[in-house]
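Novice: Structure, please.
(one chain, ligands or ions: 1)
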Amino acid sequence: MLGDIHANLPALHAVLEHAGECDSWWCVGDVVGYGPFPNECVRAIKKLRAVCVCGNHDLGAVGGMELTNFNVDARIACEWTGEALEDDSKDFLKALPERYAAKTGELIVHGSPRNPVWEYILSTQVAALNFSAFEENICFHGHSHVPAIFSTGKVSEAAVELNSVKDGFGITLEGEKRYLVNVGSVGQPRDGDPRACYAIYDSEGKTLTFHRVEYPINEVQEKMREEEFPSFLIERLALGQ
Ligand code: ZN
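Specialist: Numbering: from 1, shown residues only. Purely as a prediction, here's the structure:
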């Protein structure tokens, strides 16, 4: 499970090397935006034949939404990305769906089930409102760049619990419960741990394990400086914020 790669190729490479062979790759969106390697990351996702949904930055970069929705730094990066993207990459991003229902019974969106592109699920209250917006027992999402697992109680969907997720966190998903799983961000983590984040999901055993992987942050920062990205975007990578 990959998400919020944000055109950070060194982070994506590190994650792919760490994960090794997988039967399939699922990506919760925002392949581009913020980072300096958009075409390279699109090509890598295409090569993996990953299932991928669209994020707000993917849409913003190909003119799919008003850039006034973004804050100043995000907008500058979005405009840069729009100019840097090759036609093939644009076609790929434009064709991404907002939701994907997997044959094995999971839903994949970027933000939330009820607002797939924009809504952040950061609290148990917002998670509770979203459990009624999808049918599946498990929904994988991203957008906040903070890995987390929200789960319902066995009896009541209103009793939502939050599991914070650190490196190596593993869980077996229970059949009687329902889950909203934020898979974390490969290319711009915001939970204070700057290492790239991804998760391994076993759809048969219903197990999920999160991993954090070090990558050469300075390589991305150097390229961002060359391209004159806003300094806040350059510095936040080393802070994990
Ligand atoms: Zn994002």
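
Novice: Work out the sheet partners of the least confident helix or strand in the chain by mean pLDDT and label each with its direction, please.
Specialist: Of all helical and strand segments in the chain, the minimum by mean pLDDT, DSSP states H and E falls on strand 161-164, at a mean of 88. Within its sheet, and counting by DSSP bridges, strand 161-164 is paired with strand 148-151 (antiparallel).

Novice: got the CA coordinates for the strand it pairs with in PDB?
Specialist: Presented in PDB, the C-alpha positions along strand 148-151 are these (Å, rounded to 0.1, in the frame of the first residue of the first chain):
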ATOM      1  CA  ALA A 148      -3.500   5.700  11.400                       C
ATOM      2  CA  ILE A 149      -6.200   3.100  11.900                       C
ATOM      3  CA  PHE A 150      -9.800   4.000  12.800                       C
ATOM      4  CA  SER A 151     -12.000   1.100  13.700                       C
END
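
Novice: Mind jotting down where the helices sit in this structure?
Specialist: For the chain, the helices defined by DSSP state H occupy 9-19, 38-48, 56-61, 72-84, 87-94, 124-131, 217-226, 231-239.

Novice: Of all the ones you listed, which one comes closest to the ion?
Specialist: The ion sits nearest to helix 56-61 of all the helices of the chain, at 5.7 Å, using CB to the ion. Bear in mind the C-beta positions are built from the backbone N, C-alpha and C, glycine included.

Novice: that older thread, what lies in contact with the least confident helix or strand of the chain?
Specialist: With contact meaning CB atoms under 8 Å, 6 or more residues apart in numbering, strand 161-164 is reached by 123-124, 127, 148-153, 169, 171.

Novice: now, among those residues, which is nearest to the ion?
Specialist: Distances from the ion to the contacts of strand 161-164, taken by CB to the ion, are shortest for residue 148, at 14.5 Å.
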